[in-house]
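[1] Sequence and computational prediction follow.
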Amino acid sequence: VHMTRSNDTFIELKDRTHYANDKSADLFLSIHANSIPVTSDPNGAQGIETYFLSPGRSERAMRVAAIENSEDMGEMGAYGKLSFLSVLNSEKIIASNKLAIDIQRSVVGNLRKQFPAVRDNGAREAPFWVLVGAQMPAILLEVGYVSHPEESARISDSQYQKWLVEGIVDGVKRYFANNP
């Protein structure tokens, strides 16, 4: 395992996959905590979701990606961004989709042993810029919403984090078992 950082220092999105490529990583996992605007109902959004790179067909996926991508997209127009995303990683989309499904199932399954009400928002496609440069299967895992009172408390709990990591590890193992 190679981590791009061990503290809350911002690293440019393109530099994260560049790091993974330099290390010849087998997989790229971008792990995030989700949030909704302060002006929204804090109970209005919750759940775990895993994304893989794709141009994104749903309005929700486009909104989420626009927020995540805002830091590092430069001057490229919306059409140019989508065209670039769909071409650059086309050969990795299927593998990344399989990885997203395995990670999502394992994380949710492991957490539900302790927290049966954990919401499964599924494996989804979206045009996340952080995944574009990866030369290996790549996913973005949202571990829950820090804006949701119950999820925020769980996310900050060390035991919950341990169960979350165990789910991620199980998902990676499942992926490699199914895709040797």
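    Looks like it arrived, so ask away.
[2] Look at the residue lying closest to residue 34 once chain neighbours are set aside and give its secondary structure.
    The shortest distance from residue 34 to any residue other than its chain neighbours is 4.2 Å, reached at residue 142 (C-beta to C-beta, 6 or more residues apart in numbering). From N, CA and C alone the C-beta is placed, and that goes for glycine too. Assigned state for residue 142: strand (three-state reduction, DSSP: H, G, I helix; E, B strand; the rest coil).
[3] correct me, but residue 142 touches residue 36?
    No. The pair residue 142 and residue 36 does not pass the contact test of C-beta atoms under 8 Å, sitting 11.6 Å apart.
[4] Can you pick out the residue with more neighbours from these two?
    For residue 142 and residue 36, the more surrounded residue by other C-beta atoms under 10 Å is residue 142, and the numbers stand at 20 against 17.
[5] Check whether residue 141 really touches residue 102, as I assumed.
    No. Taking C-beta under 8 Å as the definition, residue 141 is not a contact partner of residue 102, at 11.4 Å.
[6] and the gap between the residue sitting nearest the centre point of the chain and residue 43?
    With distances taken as C-alpha atoms, centre = their mean, the chain has residue 140 as the residue nearest its mean C-alpha position (1.5 Å). Summarising the geometry, the distance separating residue 140 from residue 43, computed by C-beta to C-beta, to the nearest Å, is 24 Å.
[7] tell me the mean pLDDT for stretch 14-25?
    Per-residue pLDDT over stretch 14-25 has a mean of 91.
[8] Can you mark which positions in it are buried?
    Of all the residues in stretch 14-25, those buried under the rule 16 or more other C-beta atoms under 10 Å are 16, 17, 18, 19, 20, 25.
[9] Show residues contacting it.
    The set of residues that contact stretch 14-25 without belonging to it, under C-beta atoms under 8 Å, 6 or more residues apart in numbering, is 2, 4, 11, 28, 30, 72, 129-136, 138.
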